[in-house]
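> Below are the sequence and a predicted model; questions follow.
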Amino acid sequence: MFHLNRIIALILFVGASAQAAELTVIYQHQSIPSIKLADGARLDQFYARSNMPDDIDWNTALITSPAAQQHFELQSQALKRKLDRLENHWLRQGESGLAQSVRQLKHELFQFPVAGRIKAELDPDMIRLRAELNRPLIGSYSLYMAPHHASLYLLGLMNSKPVVVLQSGWSIEQYVDTGRLSGADNSVGYLIEANGQWQTVPLALWNKKHIEPAPGATLFIGFEPSLLPDEMAELNELIADYIANRIPQ
């Protein structure tokens, strides 16, 4: 099971023995020259040596390491195989509409860039205020960053634009007032925050709550749970965990 964004903090800055720690910063797909310091140097020391852009949305920043990336890639391959099996299952059942929904979802999921997210506070102001958040780096890391965007990403079993501009005062269900694909869950969605945390959100009229998404968040509409085979009962949660590793754009 993924849960990478919840448990990998336990191995956050543990790596192979090295003489130097290295941080490579990627801003909007452009690499800033990497910084090398002594093993165990703190995040703020790396920030002080880097020529960071001014307009960084630190809430969307993502840090990864070779070990985290390797683990995430294994989980990603497992998810792909699971979705392939689901598509074939519904084809054998003669459910061509459901199988098509799986195909579209696979196309959406595996076209945007992802990296094995390490759960960590990355905002320079926060790590200066709270010393325990100013982590040491051991080995090599990549830090992905992007500027502020007042946008919401939409993924899953619905007919909509992949990116919409956030509207002041709008609740989450107003962004998904579009047609749904075959097999879509009409009652619950998954709101994945820009920092990788996610929660389920009610969408049905009888159960809706006023929840305004934050910039950089993703709303995922998954499969109606009752339609999934028993062995795939947690598929929507696995997909939400995968989306939580999206590289900021």
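Perfect, I can see it now. Not measured: the values here are computed from a predicted model. Numbering: from 1, shown residues only.
> In the protein, where's the longest helix?
Longest helix of the chain, by residue count under DSSP state H: helix 66-92.
> Could you give the separation of that helix from the chain centroid?
16 Å (Cα atoms, centre = their mean, to the nearest Å).
> Show the secondary-structure elements that that helix is packed against.
Identification of packing neighbours for helix 66-92 by 3 or more Cβ pairs under 8 Å, 6 or more residues apart in numbering; DSSP states H and E yields helix 4-7, helix 96-109, helix 235-243. All C-beta spots, glycine's among them, are computed from the backbone N, C-alpha and C.
> Tell me if I am right that E132 is in a helix.
Yes - counting by DSSP: H, G, I helix; E, B strand; the rest coil, E132 falls inside a helix.
> Could you give the number of residues near it?
Neighbour count of E132, defined by other Cβ atoms under 10 Å: 7.
> what's the answer for V114, then?
Neighbours of V114 (other Cβ under 10 Å): 19.
> what bridges to it?
Assessed by DSSP bridges, V114 has beta-bridge partners R246.
> Mean pLDDT and mean neighbour count added to the helices and strands packed on helix 66-92, as JSON lines?
Putting the helices and strands packed on helix 66-92 into JSON lines (pLDDT from 0 to 100; neighbours: other Cβ atoms under 10 Å) gives the following:
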{"stretch": "helix 4-7", "mean pLDDT": "42", "mean neighbour count": "18"}
{"stretch": "helix 96-109", "mean pLDDT": "96", "mean neighbour count": "17"}
{"stretch": "helix 235-243", "mean pLDDT": "98", "mean neighbour count": "21"}
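> of all those, which lies closest to E132?
Across the helices and strands packed on helix 66-92, the minimum distance to E132, taken as Cβ to Cβ, is reached by helix 4-7, at 18.7 Å.
> how far does the next helix or strand along the chain from that closest one sit from the chain's center?
Following helix 4-7 in sequence order, the next helix or strand is strand 20-27 (DSSP states H and E). From the chain centre to the centre of strand 20-27 is a distance of 20 Å (Cα atoms, centre = their mean).
> what's strand 20-27 in contact with?
31-32, 34-41, 46, 50, 52-53, 56, 136-146 (Cβ atoms under 8 Å, 6 or more residues apart in numbering).
> Mind checking which of the residues you listed are in helices?
Going by DSSP H, the helices hold F46 from these.
> In PyMOL, how would I select just the buried ones from the contacts of strand 20-27?
Buried residues within those, by 16 or more other Cβ atoms under 10 Å, are selected in PyMOL with:
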select buried, resi 32+35+37+39+41+46+50+52+56+137+138+139+140+141+142+143+144+145+146
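> Give me the below-cutoff pLDDT ranges for this structure.
Applying pLDDT under 70 to the chain flags residues 1-18, 205-206.
> Please pick out the residue of it most distant from its centre.
G94 (32.9 Å; Cα atoms, centre = their mean).
> show me the contacts for it.
Contacts of G94 by Cβ under 8 Å, 6+ apart: none found.
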